[in-house]
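Undergrad: Here is a sequence together with a model predicted from it:
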Amino acid sequence: MKNLVFGIIMLALFSSCKKEAEKVIQENEKSEVINPISEPNPFIGKNKTKAMVLGVFHFDNPGLDSYKEKFAFNILEEKRQKELDILLDKIAEFKPTKILIEWPRIKMDSITNAQYQNYLNGSFKLVDKKNEVYQIGFKLAKKLDHNRIYCSDASADWFGAELDWDNYDGDAYLKAKGQYEKSRRYDYDSFYELSDSLKSVQTLTEHLASDNKLENRLKDHQAYLTEVVLEGAGDNYLGADGVARWYRRNLRIFANAYDFTNFDKEERLLLIYGSGHVWQLRQLFTDSPDFDYVEANDYLKE
């Protein structure tokens, strides 16, 4: 009799535990269905957006970068205009639905689109306009029947140590801190000069294909992580703050691209930016759950 009672109690306990376990499993399954971390589709609308960054050199270089160009290039020459037509045909195959350019969104978007509308109706000419925004951005947008283009750049104010910049000597500071040799152990100037020289002998498409090679974009990015970041380490962290400012700008560009995107439509973003931006922007688009990144060189093949 005792064995019978004991068996009934154990059976009841087992049945209760089984029901509880089944309840937990059902709750977990339900949680997995509605949990956007487990299922990222709720993060986007109906479609992921394809994004491509075309890294370019500045056709009308303002001389704001640390490396100053030494080799001439004139996009307005007849030869270069023919090369530009070939480039536009290649990039058009990506079928971008929105073209984003490296001009400030807040200050320039309305002005730029007024110019673009005048370009479409023939009252704004590009015969003397060297900038890649006009030569690639405007011309490609017109070729694809776009009704507007998108200024997507954003500045990032300096937030680090305040110095007497007019009298600041970076090399002297690095030497005084014992950081000079380490910060200069890679010859990035030779890398920049080689790229600068090639643009004068390669076709436009050939040169942009070289500029957009991942190994070249990585090398350019690595300059920030070796030469730049070291300056002021252990003191004012001038270099680290400079790199952070660069990332901040690219994050703002990415935020603008995100804001421009309608995930309920099948969109394809083309960003036309200085090639130095490619590595950071590529990383942001690649890491985002809402974008599929497309390599520019997939369309720059000869």
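TA: Good, I have the coordinates. Numbering: from 1, shown residues only.

Undergrad: Can you list the low-confidence ranges for the stretch 51-200 of the chain?
TA: 62-68 (pLDDT under 70).

Undergrad: Strands of that one, start to end?
TA: 98-104, 150-153 (DSSP state E, counting those that start in this stretch).

Undergrad: Mind jotting down where the strands sit in the stretch 201-302 of the chain?
TA: According to DSSP E, counting those that start in this stretch, the strands that the stretch 201-302 of the chain contains are 268-274, 291-293.

Undergrad: Could you check how far the residue nearest to residue 221 when sequence neighbours are not counted is from residue 218?
TA: Counting by Cβ to Cβ, 6 or more residues apart in numbering, residue 279 is the residue found nearest to residue 221 once chain neighbours are left out, at 3.9 Å. Where C-beta positions appear, they are placed from N, C-alpha and C, glycine not excepted. Residue 279 sits 6 Å away from residue 218, going by Cβ to Cβ, to the nearest Å.

Undergrad: got it, and residue 187?
TA: 16 Å.

Undergrad: how about residue 83, what does it touch?
TA: Neighbouring residues of residue 83 by Cβ atoms under 8 Å, 6 or more residues apart in numbering: 203-205.

Undergrad: what's the neighbour count on the residue lying closest to residue 174 once chain neighbours are set aside?
TA: Spatial nearest neighbour of residue 174, excluding adjacent residues (Cβ to Cβ, 6+ apart): residue 180 at 4.0 Å. For residue 180, the count of nearby residues is 17 (other Cβ atoms under 10 Å).

Undergrad: hang on, isn't the residue nearest to residue 221 packed against residue 220?
TA: Yes - counting by Cβ atoms under 8 Å, residue 279 touches residue 220, with 6.8 Å between them.

Undergrad: picking that back up, which one's more surrounded, residue 279 and residue 218?
TA: Per other Cβ under 10 Å, whichever of residue 279 and residue 218 has more neighbours is residue 279, with 20 against 11.

Undergrad: pLDDT score assigned to the more buried one?
TA: With respect to pLDDT, residue 279 scores 97.

Undergrad: ok, it to residue 240 distance?
TA: Distance from residue 279 to residue 240, by Cβ to Cβ: 18 Å.

Undergrad: give the contact list for the residue nearest to residue 50 when sequence neighbours are not counted.
TA: Counting by Cβ to Cβ, 6+ apart, residue 50 lies nearest to residue 268, which is 4.6 Å off, once chain neighbours are set aside. Taking Cβ under 8 Å, 6+ apart, we find residue 268 in contact with 49-52, 94-98, 294.

Undergrad: now residue 61
TA: residue 69.

Undergrad: List the buried residues in stretch 248-266.
TA: Using 16 or more other Cβ atoms under 10 Å as the test for burial, stretch 248-266 gives 248-250, 252-254, 256-258, 261, 263.

Undergrad: OK, contacts around residue 151?
TA: Contacts of residue 151 by Cβ under 8 Å, 6+ apart are 100-101, 103-105, 108-109, 112.

Undergrad: Residue 90 now?
TA: Taking Cβ under 8 Å, 6+ apart as the definition, contacts of residue 90 comprise 205, 299-301.

Undergrad: Now compare these and name the two farthest from each other.
TA: For those, the farthest-apart pair by Cβ to Cβ is 205 and 299; their separation is 9.6 Å.

Undergrad: where exactly do the helices run in this structure?
TA: 2-34, 78-92, 105-120, 132, 139-143, 170-176, 180-183, 188-198, 204-211, 214-223, 238-260, 278-287 (DSSP state H).

Undergrad: hang on, the earlier thing: ranking the strands of the stretch 201-302 of the chain by burial, who's on top?
TA: Mean neighbours per residue, mean count of other Cβ atoms under 10 Å, is largest over the strands of the stretch 201-302 of the chain for strand 268-274, with a mean of 23.

Undergrad: Now do the same contact list for the closest residue to residue 250 other than its chain neighbours.
TA: In space, and not counting its chain neighbours, residue 250 is closest to residue 280: 4.1 Å by Cβ to Cβ, 6+ apart. Shown in contact with residue 280 (Cβ under 8 Å, 6+ apart): 221, 246-247, 250.

Undergrad: Could you let me know which of the residues you listed ends up closest to residue 122?
TA: Nearest to residue 122 among these, with distances taken as Cβ to Cβ, is residue 250, at 36.1 Å.

Undergrad: pretty sure the closest one is touching residue 279, no?
TA: No - with contact defined as Cβ under 8 Å, residue 250 does not count as touching residue 279 (9.1 Å).
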